[in-house]
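J.: Just a sequence and a predicted model for now, questions to come.
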Amino acid sequence: MKSFITLVTTLLVTACAPLGGPMLRPGSTPQDIYRVLGEPAMRWREADGGERLAYPRGPMGFQTWMVRTDATGKVISVENVMDMAHFARIQPGMDQDEVLRILGPSFPGWTIYFKARDELVWEWRYCDVWSEPARFSVLFDGSSRRVRTTLSQPERLSQPWGRGDRREWCSR
């Protein structure tokens with residue numbers, strides 16, 4: 001019975017483990033990063049000689065993993081940035097690079113330019129606090145490329161095929 005409980009616990013923990021999260025720990029090597037996550041979509045040099053690496057899992061995934069390394073390439077931290085705490089950091093007046101450093105790249109197919117408003121919209125998919133698929137949008141002034149505002153809503157309210165009583169759920 002004890003081995004059965006251990007097996008079930010192990011299966012539950014690994015099934016719920018987000019890609020890249022628990023598999024990379026502080027101190028993991030550059031080889032570990034590439035073995036687990038592959039080549040980053042974006043990378044930035046940090047002032048301390050380390051790097052910030054972005055691993056978006058869109059368009060259908062709900063995470064963007066940001067891996068922070070030290071000057072030797074070893075992992076300092078790994079975090080999913082698709083959450084309200086990171087979205088709250090996006091403020092009017094920020095430029096596009098500042099947004100990318102916080103959230104990573106959005107899915108290019110969801111980038112929209114509205115000529116009449118001179119507005120560029122980037123969009124990310126995430127799992128909201130109610131475990132529903134949702135979209136977070138950053139609206140930029142088309143000329144200055146600076147944040148005007150942000151918008152967040154469940155997919156069932158923002159997509160024509162998602163309206164109605166049918167809800168989808170996501171795991172976190």
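T.: Arrived safely, thanks for sending.
J.: how about the residue most central in space within the chain, what does it touch?
T.: For the chain, the residue nearest the mean C-alpha position is residue 64 (2.5 Å; C-alpha atoms, centre = their mean). By C-beta atoms under 8 Å, 6 or more residues apart in numbering, residue 64 lies in contact with 54-58, 80-82, 103-104, 124. Glycine gets a C-beta too; all of them are placed from N, C-alpha and C.
J.: How many residues are close by the spatially closest residue to residue 145 that is not a sequence neighbour?
T.: Nearest residue to residue 145 in three dimensions, chain neighbours excluded: residue 96, at 5.3 Å (C-beta to C-beta, 6 or more residues apart in numbering). Residues near residue 96, counting by other C-beta atoms under 10 Å, number 14.
J.: For residue 96, give its distance to residue 49.
T.: Distance, residue 96 to residue 49, by C-beta to C-beta, to the nearest Å: 25 Å.
J.: count of neighbours near residue 90?
T.: With other C-beta under 10 Å as criterion, residue 90 counts 16.
J.: Not counting its neighbours along the chain, what's nearest it?
T.: residue 150 (5.4 Å).
J.: Can you list the strands that the helix or strand encompassing that neighbour pairs with?
T.: According to DSSP states H and E, residue 150 maps onto strand 147-154. Sheet pairing here is set by DSSP bridges, and for strand 147-154 it gives strand 133-141 (antiparallel).
J.: Give me the buried positions along the strand it pairs with.
T.: For strand 133-141, a neighbour-count test (16 or more other C-beta atoms under 10 Å) marks 133-140 as buried.
J.: now, the most widely separated pair of the residues you listed?
T.: 133 and 140 (23.5 Å; C-beta to C-beta).
J.: where's residue 131 relative to residue 69, distance?
T.: From residue 131 to residue 69 the distance is 31 Å (C-beta to C-beta).
J.: When these two are compared, which one has more neighbours?
T.: Set residue 131 next to residue 69 and count neighbours by other C-beta under 10 Å: residue 69 wins out with 23 against 14.
J.: what are the bridge partners for that one, then?
T.: Beta-bridge partners of residue 69, as defined by DSSP bridges: residue 51, residue 75.
J.: could you list every residue that touches it?
T.: 30, 33, 50-53, 75-76.
J.: Just the buried residues out of those residues, in ChimeraX syntax.
T.: To isolate the buried members of these in ChimeraX, using 16+ other C-beta under 10 Å:
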select :33,50,51,52,53,75,76
